[in-house]
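Enquirer: 3D model of this:
(one chain, ligands or ions: 1)
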Amino acid sequence: MNSPSQSQAPLQAPKGTRDFYPEDMRVQNHLFDVWRRACLDFGFEEYEGPTFENLELFTEKSGQEIVTQLYNFKDKGDRDIALRPEMTPTLARMVNQKGNSLKLPLRWFSIPRLFRYEKSQRGRLREFFQLNMDIIGCESIAAEVDLLSAIIGMLKAFGLDSKDFSIQVSSRRLLSEFLDRQGVAADKKAPVYAALDKRAKLGETEFRNLLAKEGLTPASIDAIEAFFKCKGLEELKAYFPASAASEEAAAPDTASASVPGAPAPKVAKSGLWELEKLFEYMHALGYGDYLNLDLSVVRGLAYYTGIVFEVYDKGIGMRAVAGGGRYDNLLASLGGNSLTGVGFGMGDVVLADLLREKNLLPSGREPLDYFLVDVSPNDSKLPNPQLMLLAQKLRAEGRRVGYSLSGEKVKKQMSQANDQGAGRVLFFGSDKGTEGRYEVKDLKTGEQSVSAFEDL
Ligand code: HAM
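Expert: Numbering: from 1, shown residues only. Coordinates of the predicted model:
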C-alpha cells in the first residue's frame with residue numbers, strides 16, 4: 001500500500017468554504033470587532049441561534065423553491081433539517097417564542113455563520129458570516145434611519161466613505177401601490193417582485209416574457225419599465241400626486257399580509273411619504289451623500305413589505321456589501337404576534353475584499369509585550385521553570401508574554417522574539433540583572449534598561 005504522502009494530494013476543504021489560518025483570523029476578528037462595537041454603540045444587544053433549523057422555518061415563507069438554495073438533510077430521527085441560509089427566520093422564531101414577555105422595540109444583532117447552496121464565485125461563498133441588525137416592533141421610519149446610520153457609521157469606522165459605497169433605497173410598499181394601479185392582483189405581486197429582482201440578470205425579452213406569464217399586459221410592462229427608471233423623488237411625485245402630500249397609503253400590500261386570523265400591522269403611511277421622510281432625516285443627519293433612490297432594488301427575499309435597500313461598493317464590480325428592509329408580516333406568518341421588523345445583513349466576504357483593495361485591513365500579528373530570552377539555556381532543551389514562573393507572574397499582571405519552548409541559543413530566541421512581534425525582550429539570567437531586577441531591551445528603539453518587576 002502506498003503511504004498517503006506518495007500517492008495522494010492533500011485533501012481539500014469543500015467547495016465554497018474557507019480555512020481561517022491565523023492571518024485570516026486576524027482579518028475576521030477585525031471585522032467582528034468593528035461590527036460589534038458599532039452595534040453596541042447604537043444600543044443593540046447580541047443574540048445567537050442554532051446553526052441548523054427545521055427546514056419548515058425556511059419553506060414556510062419562501063416556498064419549496066428555497067430548498068434548491070440551501071443545505072438540507074434528514075437527521076437520524078427522520079426530521080427535515082436545514083443549515084441556516086439566513087438569520088431573519090431564526091430571529092422571528094425566537095421573538096415569537098417569547099410572546100409578549102419582550103420589551104419592545106427590540107434592537108438585536110448577531111454575527112451568524114450562514115450556509116447557502118449557491119454557485120461559489122467572487123464575493124459569494126457557500127459558507128460565510130453575516131452581521132445582522134434588526135429592530136422589531138417599531139412602525140416608523142425612525143428604525144430605518146437608525147439602521148442606515150449604523151451602516152454608515154460602521155463602514156466609516158472601517159475607513160470607507162461616500163466615495164467607496166452607496167446605499168440604494170427603494171420601497172416595496174411604493175412598488176405595491178404602483179402595481180395596484182397597473183391592475184396586478186395581490187397574489188401575483190410576489191412573482192412580479194421576483195422577476196423585477198432578477199431584472200438586471202435577465203435580458204429584455206426574457207424579463208417581458210416572465211411578466212407576461214404572470215398575466216401582465218404589454219402596456220403594464222412598459223409602464224413598469226418606465227417607472228423603474230425614476231431617479232428622484234420629484235419624478236416619483238408625478239406618479240403619485242395625491243399621496244406625495246399625504247401620509248395615507250393608497251393601498252396596503254395585501255400580497256404578503258394574508259396571514260389567516262392575524263391582523264396586519266397598522267401601516268397607514270404611503271410608500272412615497274415614507275421615502276420622503278427617510279431622505280429628509282438622512283439629509284438632516286448629514287448622510288445625504290450616501291443615499292440614492294433606486295427603484296430597481298427589489299430584494300430577492302419574499303418577506304419584505306416596506307423600505308428596502310442595498311449597500312453597494314462603488315468600484316467596477318458594484319458588489320452588494322449589505323442588504324435589508326422592512327418586513328411587516330414575517331413574525332405573524334410564523335405564528336407569532338403581528339409585529340413589524342426592519343433589519344439588514346452585511347456579509348464578511350465582499351466587505352473584506354473591499355477593505356483589502358483599499359488597503360484598510362490590519363497587517364501583522366497581535367504583538368507580545370515581552371519575550372523572555374534565557375541567556376544561559378541548559379542542555380535539556382526545556383525552558384527554565386523559573387523563567388516560566390516569571391512569565392506566569394507577568395501574565396497575571398496583564399502582560400502578553402512569550403518565550404522559547406526548546407531552550408535554543410540566544411540568537412535563535414531573539415529571532416523568535418522578532419517573529420512573534422515582541423515589543424521588548426527581557427534577558428533572563430543576565431549579569432546586569434540583580435535580585436528582582438531584569439535587563440530589558442526595547443526592540444523598536446534599541447534602548448536598554450534594568451527594571452524592577454513592578455516597572456515591567
Ligand atoms: P441577503 O441580501 O440575502 O439578505 O444577504 C445580505 C448580504 O449578505 C449580502 O449583501 C452579501 O453581502 C451577503 N451574502 C449573501 N449571500 C452570500 C454568499 N453566498 N456569500 C457571501 N456573502 C453573502 C439577508 O440575508 C437578509 N436575511 C438580511 C436581513 C436581515 N433582512 C432583514 N434582516
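Enquirer: the lengthiest strand in the chain packs against which elements?
Expert: Secondary structure of the chain per DSSP state E: the longest strand is strand 127-136. The criterion is 3 or more C-beta pairs under 8 Å, 6 or more residues apart in numbering; DSSP states H and E, and the helices and strands that strand 127-136 contacts are helix 22-41, helix 88-98, strand 106-110, strand 113-115, helix 142-157, strand 341-347, helix 348-357. Just so you know, the C-beta spots here come from the backbone N, C-alpha and C atoms, and that holds for glycine as well.
Enquirer: between it and strand 106-110, how many degrees?
Expert: Here the directions of strand 127-136 and strand 106-110 differ by 170 degrees (axes from the mean of the first three to the mean of the last three C-alpha atoms, to 10 degrees).
Enquirer: mean confidence for strand 127-136?
Expert: Along strand 127-136, the predicted confidence averages to a pLDDT of 98.
Enquirer: ok, and does that strand reach over to the ligand?
Expert: Yes - figure legend: strand 127-136 in contact with the ligand (C-beta under 6 Å from any ligand atom); contacting residues 128, 130, 132, 134.
Enquirer: partners of that strand in the sheet?
Expert: With DSSP bridges as the criterion, the sheet partners recorded for strand 127-136 are strand 106-110 (antiparallel), strand 113-115 (antiparallel), strand 341-347 (antiparallel).
Enquirer: quick one: which of those is nearest the ligand?
Expert: When these are ranked by distance to the ligand, counting by C-beta to the nearest ligand atom, first place goes to strand 341-347 at 2.6 Å.
Enquirer: and the contacts of the closest one?
Expert: With contacts defined as C-beta atoms under 8 Å, 6 or more residues apart in numbering, strand 341-347 is touched by 35, 86-88, 91-92, 123, 128-138, 143-144, 147, 151, 306-307, 309, 311, 321-328, 330-331.
Enquirer: let me know the average pLDDT across stretch 62-75.
Expert: Per-residue confidence for stretch 62-75 averages out to 88 on the pLDDT scale.
Enquirer: sort out which residues of it are buried, please.
Expert: Using 16 or more other C-beta atoms under 10 Å as the test for burial, stretch 62-75 gives 62, 66-67, 70-72.
Enquirer: deepest of the strands paired with strand 127-136, which one?
Expert: The highest mean neighbour count among the strands paired with strand 127-136, using mean count of other C-beta atoms under 10 Å, belongs to strand 341-347: a mean of 24.
Enquirer: distance to the ligand and mean pLDDT added to the strands paired with strand 127-136, as CSV?
Expert: Supplementary listing: those in CSV, determined by distance: least, C-beta to the nearest ligand atom, whole Å; pLDDT from 0 to 100:
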stretch, distance to the ligand, mean pLDDT
strand 106-110, 10, 98
strand 113-115, 7, 98
strand 341-347, 3, 98
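Enquirer: N209: which of those strands is closest?
Expert: Between N209 and the strands paired with strand 127-136, the tightest spacing by C-beta to C-beta is seen for strand 341-347, at 31.1 Å.
Enquirer: and the residue of the stretch 101-250 of the chain closest to the ligand?
Expert: In the stretch 101-250 of the chain, the residue that lies nearest the ligand is F128 (3.7 Å; C-beta to the nearest ligand atom).
Enquirer: V350 is in contact with that residue, correct?
Expert: No - under the contact definition of C-beta atoms under 8 Å, F128 does not touch V350, with a separation of 9.3 Å.
Enquirer: near the ligand, which residues of the stretch 201-350 of the chain?
Expert: Residues of the stretch 201-350 of the chain that fall close to the ligand, judged by C-beta under 6 Å from any ligand atom: 301, 320-324, 343-347, 349-350.
Enquirer: which residues sit in contact with the residue lying closest to M133 once chain neighbours are set aside?
Expert: Sequence neighbours aside, F109 is the residue nearest to M133 in space, at 4.7 Å (criterion: C-beta to C-beta, 6 or more residues apart in numbering). F109 is in contact with 35-36, 39, 44-47, 131-134, counting by C-beta under 8 Å, 6+ apart.
Enquirer: and L390, by the same measure?
Expert: Listed by C-beta under 8 Å, 6+ apart, the contact set of L390 reads 372, 426, 428, 438.
Enquirer: correct me if wrong: Y304 contacts Y327.
Expert: Yes - if you go by C-beta under 8 Å, Y304 and Y327 touch, sitting 5.6 Å apart.
Enquirer: ok, back up a step: just flag the most distant two among the buried residues of stretch 62-75.
Expert: Checking the buried residues of stretch 62-75 against each other with C-beta to C-beta, the farthest-apart pair comes out as S62 and Y71, at 15.0 Å.
Enquirer: one step back: so what's the residue count around the residue of the stretch 101-250 of the chain closest to the ligand?
Expert: Residues lying near F128 (other C-beta atoms under 10 Å) number 19.
Enquirer: could you do L351 as well?
Expert: Using other C-beta under 10 Å, L351 is surrounded by 27 other residues.
Enquirer: just give the closest residue to it, not the sequence neighbours.
Expert: Closest residue in space to L351, ignoring its immediate chain neighbours: V321 at 5.6 Å, by C-beta to C-beta, 6+ apart.
Enquirer: would you mind listing what in the stretch 1-150 of the chain touches the ligand?
Expert: The interface of the stretch 1-150 of the chain toward the ligand, taken as C-beta under 6 Å from any ligand atom, is made up of 86-88, 116, 118, 124-125, 128, 130, 132, 134.
Enquirer: try 5 Å this time
Expert: Taking C-beta under 5 Å from any ligand atom as the contact definition, the stretch 1-150 of the chain meets the ligand at 86, 88, 116, 124-125, 128, 130, 132, 134.
Enquirer: now do the helices in the stretch 151-300 of the chain.
Expert: Along the stretch 151-300 of the chain, the stretches classed as helices by DSSP state H, counting those that start in this stretch are 172-181, 189-197, 204-213, 218-228, 233-239, 241-245, 271-284.
Enquirer: can I get those helices in JSON lines including mean pLDDT and mean neighbour count?
Expert: Putting the helices of the stretch 151-300 of the chain into JSON lines (pLDDT from 0 to 100; neighbours: other C-beta atoms under 10 Å) gives the following:
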{"stretch": "helix 172-181", "mean pLDDT": "91", "mean neighbour count": "24"}
{"stretch": "helix 189-197", "mean pLDDT": "84", "mean neighbour count": "20"}
{"stretch": "helix 204-213", "mean pLDDT": "88", "mean neighbour count": "14"}
{"stretch": "helix 218-228", "mean pLDDT": "89", "mean neighbour count": "15"}
{"stretch": "helix 233-239", "mean pLDDT": "87", "mean neighbour count": "14"}
{"stretch": "helix 241-245", "mean pLDDT": "58", "mean neighbour count": "14"}
{"stretch": "helix 271-284", "mean pLDDT": "96", "mean neighbour count": "20"}
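Enquirer: mind putting those into a markdown table with distance to S338?
Expert: Written out in a markdown table, the entries for these read as follows (distance: least, C-beta to C-beta, whole Å):
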| stretch | distance to S338 |
| --- | --- |
| helix 172-181 | 17 |
| helix 189-197 | 19 |
| helix 204-213 | 31 |
| helix 218-228 | 30 |
| helix 233-239 | 29 |
| helix 241-245 | 24 |
| helix 271-284 | 19 |
